[in-house]
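1. dropping a prediction and its sequence here:
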Amino acid sequence: MIRVRGIYSTAVTGLLDEAGYSFADVSIDIQERFPALKKHGEVLLTIKDQDDRSGLIILGDPELLAKVVFLLRSIIPDLIVGYVPVGPYSMYVVRLVEKVDGDIWLAEYMPGRFCTVKLRNSHSEGDLLLAHVTRASPEAPLLKEGAALTGRYVRLIQFERHNTSEHIRDAELRLQLLTLAMNEVPQGWGVHFRSAAKNANILDVGREIKELLKKATEFLNVFKPQSIGPVMVGESLALVEIPPDTALRFDTIRERYFTTIPFHHLLKSLGIEELSHKIDFAEKNVLSGRCFSREKVLEAIMEEFAKLHGSRVSIFHKKLTGQGHVWSAVAEIRSPGYVQLRRQSSSQGTYDGFKNIRREEGDQIVSYTWLFARTIIHFYYSPSGELKGIYVNLNTPVFFALQPPGLKYVDLAMDVTYSPMEGVQVTDQDDFQELVEYDILPRSLAEKYKLFAEKVAGILGEKNSEEIVAEARRLQSSIFGTEVDKML
């Protein structure tokens with residue numbers, strides 16, 4: 001029923017197993033760690049790593065997804081969850097707005113909400129057409145023209161070619177399934193054989209193809225696009241962010257089922273294959289993790305962090321409801337855990353968060369943060385060294401990446417700003433509150449961030465840059481008081 005993959009698979013499988021769920025397409029490691037696992041051949045839900053290993057992607061049956069997210073959140077309340085109820089292979093009626101490039105168009109799929117759609121036929125601006133989601137996103141989904149219907153074993157997609165899931169590795173079975181599709185499906189439709197097809201009776205698979213074709217034909221015969229909006233839900237999608245301090249909770253949970261060294265999930269999130277192999281070897285061959293003390297592992301993490309010194313690093317500014325952006329700066333490690341980031345403005349404009357503070361070519365931007373910081377504090381200076389403004393970004397705890405080298409965090413919308421001209425302001429509070437109202441950000445955690453913003457606002461304009469950074473760190477420790485804050 002549930003397929004689990006990635007660096008959190010042991011902890012997540014253990015929690016779901018205790019809750020009585022069954023599993024499908026079980027990996028060898030998970031089978032060894034949970035020999036009594038209940039199994040079911042059909043995959044209804046997939047849980048896997050996000051691309052940057054900062055959290056989970058949960059994809060599949062809407063009802064099952066909601067139950068699993070509720071369970072994980074009830075055990076680990078500080079999970080940050082972006083929920084996309086109308087996810088991949090959901091169908092919309094969209095209105096074409098303007099051509100972007102070739103067969104790629106900008107389209108409106110909900111009132112005031114826009115997407116990119118790939119066309120398969122010739123259309124004009126203003127046309128209404130049926131399209132299905134290929135990449136779900138709260139802000140910028142990608143759709144393709146045509147219908148898509150999903151069954152247990154197959155997915156029927158208009159204007160596509162036949163193909164099989166990557167999890168169907170038997171070459172003879174792939175050939176058999178593709179031959180079935182070519183014999184049963186008329187031109188203009190493609191069949192994607194889902195992973196569940198590898199354990200199914202071929203007659204059942206063929207029967208489902210015929211049922212979906214009949215359903216699709218009946219649907220299209222009466223369907224007439226009249227207004228934009230969702231037509232049919234396919235799968236749901238949840239993007240679960242696991243901040244670094246919350247990752248330590250997963251370490252504790254994983255320890256219940258298998259030997260786990262301190263900071264296991266954070267080390268795995270670095271994505272270094274050699275390091276990952278060393279962790280696996282240590283955990284499989286050491287009876288007790290006590291020889292890997294938190295202090296020693298943290299010291300090793302600090303040593304890796306210190307390697308950023310003197311290099312140009314990438315800073316991955318991720319957003320909960322969109323793609324975010326990447327900026328770069330020269331890093332200088334000022335003291336253990338602290339980093340200063342320097343860059344120079346090469347263009348003109350207005351600084352984010354300010355109404356009247358102009359960005360000019362040659363401005364110096366000096367930013368400060370630290371490992372597991374819930375803020376990055378930016379100081380904007382004119383070419384002559386005059387302070388223009390201070391911008392305090394609020395975010396999930398900062399961690400670092402090694403490939404490419406840099407820092408990463410998730411932006412939480414609300415910021416604190418100061419300038420001699422505009423004074424102190426807490427900005428984008430409505431956007432922050434939306435994260436709470438939509439249950440993306442846990443309310444208890446949000447209250448701490450609000451208090452943090454209020455306290456930080458009280459110190460801007462009264463101290464120099466180093467004093468502000470030191471006081472912000474003290475405030476974070478006193479307000480949040482997590483295990484990581486106490487160790488640093």
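-> Yep, that arrived.

2. for Ile479, give its distance to Leu394.
-> Here Ile479 is placed at a distance of 12 Å from Leu394 (CB to CB, to the nearest Å). C-betas here are computed from N, CA, C, even on glycine.

3. the two: who's more crowded?
-> Counted by other CB atoms under 10 Å, Ile479 and Leu394 do not tie: Leu394 has more neighbours, with 22 against 18.

4. picking up where we left off before, overlap of the contact sets of Ile479 and Leu394?
-> Phe452 (CB atoms under 8 Å, 6 or more residues apart in numbering).

5. which strand or helix spans the nearest residue to Leu56 once chain neighbours are set aside?
-> Counting by CB to CB, 6 or more residues apart in numbering, Val240 is the residue found nearest to Leu56 once chain neighbours are left out, at 4.1 Å. Using DSSP states H and E, the secondary-structure element containing Val240 is strand 236-241.

6. does Ser236 touch Leu65 like I think?
-> Yes: Ser236 is within contact range of Leu65, at 4.7 Å (criterion: CB atoms under 8 Å).

7. show me the common contact partners of those two, please.
-> By the contact definition CB under 8 Å, 6+ apart, Ser236 and Leu65 are jointly contacted by Leu59.

8. any low-confidence regions in this protein?
-> Judged against pLDDT under 70, the low-scoring parts of the chain cover residues 286-292, 321-323, 483-488.

9. for it, longest helix please?
-> Residue-count comparison of every helix in the chain, with assignments taken from DSSP state H, identifies helix 202-222 as the longest.

10. sheet partners, orientation included, of the helix or strand just after it?
-> Proceeding C-terminally, helix 202-222 gives way to strand 229-232 as the next helix or strand, assigned by DSSP H and E. Paired strands of strand 229-232, with direction, are strand 91-101 (antiparallel) (DSSP bridges).

11. what does the partner strand contact?
-> For strand 91-101, contacts defined as CB under 8 Å, 6+ apart pick out 86, 105-110, 114-117, 123-133, 143, 147-148, 225-232, 234.

12. for Arg359, which non-adjacent residue is spatially closest?
-> Ranked by CB to CB, 6+ apart and with sequence neighbours excluded, the top spatial neighbour of Arg359 is Gly349, at 4.7 Å.

13. how much space separates the one you found from Ser419?
-> On the measure of CB to CB, Gly349 and Ser419 end up 15 Å apart.

14. okay, these two: which has more neighbours?
-> Just comparing Gly349 and Ser419: by other CB under 10 Å the higher neighbour count belongs to Ser419, 22 against 9.

15. that one reaches Lys355, doesn't it?
-> No: using CB under 8 Å, Ser419 is not in contact with Lys355, being 9.3 Å away.

16. in this structure Phe432 contacts Val416, no?
-> No: with the criterion set as CB under 8 Å, Phe432 and Val416 do not qualify as a contacting pair; they are 11.4 Å apart.

17. so what sits against both of these two?
-> Counting by CB under 8 Å, 6+ apart, the contacts common to Phe432 and Val416 are Leu394.

18. among these two, which residue is more densely surrounded?
-> More neighbours sit around Val416 than around the other of Phe432 and Val416, counting by other CB under 10 Å; the figures are 26 against 21.

19. which SS state does the more buried one fall under?
-> Using DSSP: H, G, I helix; E, B strand; the rest coil, the three-state assignment for Val416 comes out as strand.

20. and it, how far from Thr427?
-> Val416 sits at a distance of 7 Å from Thr427 (criterion: CB to CB).

21. burial of Leu129, as a residue count?
-> Number of residues near Leu129 (other CB under 10 Å) recorded here: 20.

22. swap in Lys318?
-> By the measure other CB under 10 Å, the count of residues near Lys318 is 20.

23. also Gln344?
-> When neighbours are counted by other CB under 10 Å, Gln344 comes out with 12.
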